[in-house]
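J.: Structure for this input, please:
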Amino acid sequence: MEYNKILQQTEYGFIKTNERLGRHVILLGLAGSYSYGTNIGTSDIDIRGITLNQKSDLIGLTQFEQYVDENTDTVIYAFNKMVTLLLSCNPNTIELLGLNPEHYLYLNDIGRLLLDHRKLFLSRRAINSFGGYADAQLRRLQNALARDTFPQSEKERHIFNSVRNAMHDFNNHYKHFENGSLEIFIDTAVNPELETEIFVNANMTHYPLRDYSSMWNTMANVVRDYEKIGKRNKKKDDQHLNKHAMHLIRLFMMALDILEKGEINTYREKEHDLLMDIRFGKYQKEDGTFHESFYEMLSDFEKRLHYAAENTDLPEEPDMTKVQELVMTINERVVRDEI
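T.: Numbering: from 1, shown residues only. Below is the predicted model:
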């Protein structure tokens, strides 16, 4: 792909014409799969960037945090907002400071100044930020696997609990009411293809139709939404599962670089083949679950991260004096109309 031609496409015209962007932009780069080196033929182009706050943001009353263009999946952060995210070692933004040179689509002198000072933002905060993101990714993976491997009776109980929770307030008032009663419960299935089913005992006389309709629509929606989960597109969902698994391992790799080397390496050249093996399902079994070798790999990364967290040379917190000096140097140019 000719990266230098991406911004020439008409759909990116807003970058030049929007008053918050244009000459205020200091950095634009690829994000997502292209920035990690894990892109495939169907991968979308994601762009992330930084634009300077305007004078009115700094010494006036206006406020601005980011510009989002959903059509092109582009997010451009205001400089001050980006600094806040970088200080927390936010994985989705810190990676913008560690791209391969060819993955920066635009970079001016202020953008280079920021990249030259990227290590100012590295601290032990990365332990919690990357660990938190990895934990969230792992939970997504586990939830998806549990959803697909639950026995039918467990799925049915899940539906029952969802209906019961959704109807909790209603049942408190109307399990027995003037016009009758309503009870939902789970019992041995009548349907020979199921183990258990949800049943309803209802006794109603002279009950308002609108109330009746609303009540049953609520329960039907819960059941229908859950049924959609059960009727998954296996090929498509397996791709998503493997992508989750790949990004989980990639997060550990980036965190280890930061804690062990004090480096931000977004593009995973050395680990490319391993990550792509995960993405293409090498570690997934026929039933959709993962081989033990994947969990052994995951355990090894968790142990390495724990060791790196205890032995890293990174400071507990960023040097806020130096960060402030950098921010003031850049923002002063805005105030003095020097951009």
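J.: how close does the nearest residue to residue 264 once chain neighbours are set aside sit to residue 63?
T.: Nearest non-adjacent residue to residue 264, counting by Cβ to Cβ, 6 or more residues apart in numbering: residue 98, 3.0 Å away. Heads up, the C-betas are built off the backbone N, CA and C, glycines and all. Residue 98 sits 29 Å away from residue 63, taking Cβ to Cβ, to the nearest Å as the criterion.
J.: higher neighbour count, those two?
T.: residue 98 (19 against 11; other Cβ atoms under 10 Å).
J.: secondary structure class for residue 41?
T.: Three-state call for residue 41 (DSSP: H, G, I helix; E, B strand; the rest coil): coil.
J.: ok, back up a step: now do the contacts for the residue nearest to residue 264.
T.: Residue 98 sits next to 118, 263, 264, 265, 266, 267 when contact means Cβ atoms under 8 Å, 6 or more residues apart in numbering.
J.: thought the fourth one was touching residue 255?
T.: What that stands for is residue 265. No - contact criterion Cβ atoms under 8 Å: residue 265 and residue 255 do not qualify, at 10.9 Å.
J.: out of those two, which sits in the busier spot?
T.: Just comparing residue 265 and residue 255: by other Cβ under 10 Å the higher neighbour count belongs to residue 255, 24 against 18.
J.: Can you tell me which helices and strands whatever helix or strand residue 75 lives in packs against?
T.: Per DSSP states H and E, residue 75 falls inside strand 74-78. With contacts defined as 3 or more Cβ pairs under 8 Å, 6 or more residues apart in numbering; DSSP states H and E, the packing partners of strand 74-78 are strand 25-31, strand 46-51, strand 66-69.
J.: got a list of contacts for the following helix or strand past that strand?
T.: Next helix or strand after strand 74-78 toward the C-terminus (DSSP H and E): helix 79-87. Where contact means Cβ under 8 Å, 6+ apart, the residues beyond helix 79-87 that reach it are 26, 50-53, 57, 65-66, 77, 92-94, 97, 121, 125, 318, 323, 327, 330-331.
J.: try stretch 271-278
T.: 36, 37, 38, 242, 245, 246, 249, 250, 253, 268, 283, 294.
J.: who's in contact with the fifth one?
T.: In this case it means residue 245. 141, 278, 279, 283, 284, 290, 294.
J.: Which secondary structure element is home to the closest residue to the first one other than its chain neighbours?
T.: Leaving aside its sequence neighbours, residue 141 sits nearest to residue 244 (Cβ to Cβ, 6+ apart; 4.8 Å). Following DSSP H and E, one finds residue 244 within helix 234-256.
J.: average pLDDT for that helix?
T.: Mean pLDDT, helix 234-256: 86.
J.: Which SSE is immediately downstream of that helix?
T.: Defined by DSSP H and E, the subsequent element after helix 234-256 is helix 272-279.
J.: For the stretch 1-150 of the chain, give me the ranges with low pLDDT.
T.: Applying pLDDT under 70 to the stretch 1-150 of the chain flags residues 142-150.
J.: what does the helix or strand containing residue 34 rub up against?
T.: Residue 34 is part of helix 33-36 when elements are defined by DSSP H and E. For helix 33-36, the surrounding residues in contact (Cβ under 8 Å, 6+ apart) are 1, 29, 39-40, 43-46, 95, 99-100, 103, 250, 266-268, 275.
J.: Only whichever of those residues are buried, select them in PyMOL.
T.: Buried members of these can be picked out in PyMOL with the line below, counting by 16 or more other Cβ atoms under 10 Å:
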select buried, resi 29+39+45+46+95+99+100+103+250+266+267+268+275
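J.: Kindly reformat the contacts of residue 245 as CSV and extend each row with neighbour count and distance to residue 302.
T.: Listed next are those as CSV, based on neighbours: other Cβ atoms under 10 Å; distance: Cβ to Cβ, whole Å:
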residue, neighbour count, distance to residue 302
141, 21, 14
278, 25, 16
279, 21, 20
283, 21, 16
284, 18, 20
290, 20, 15
294, 19, 13
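J.: Just the closest of the residues you listed to residue 206, please.
T.: Nearest to residue 206 among the contacts of residue 245 is residue 141, at 51.4 Å by Cβ to Cβ.
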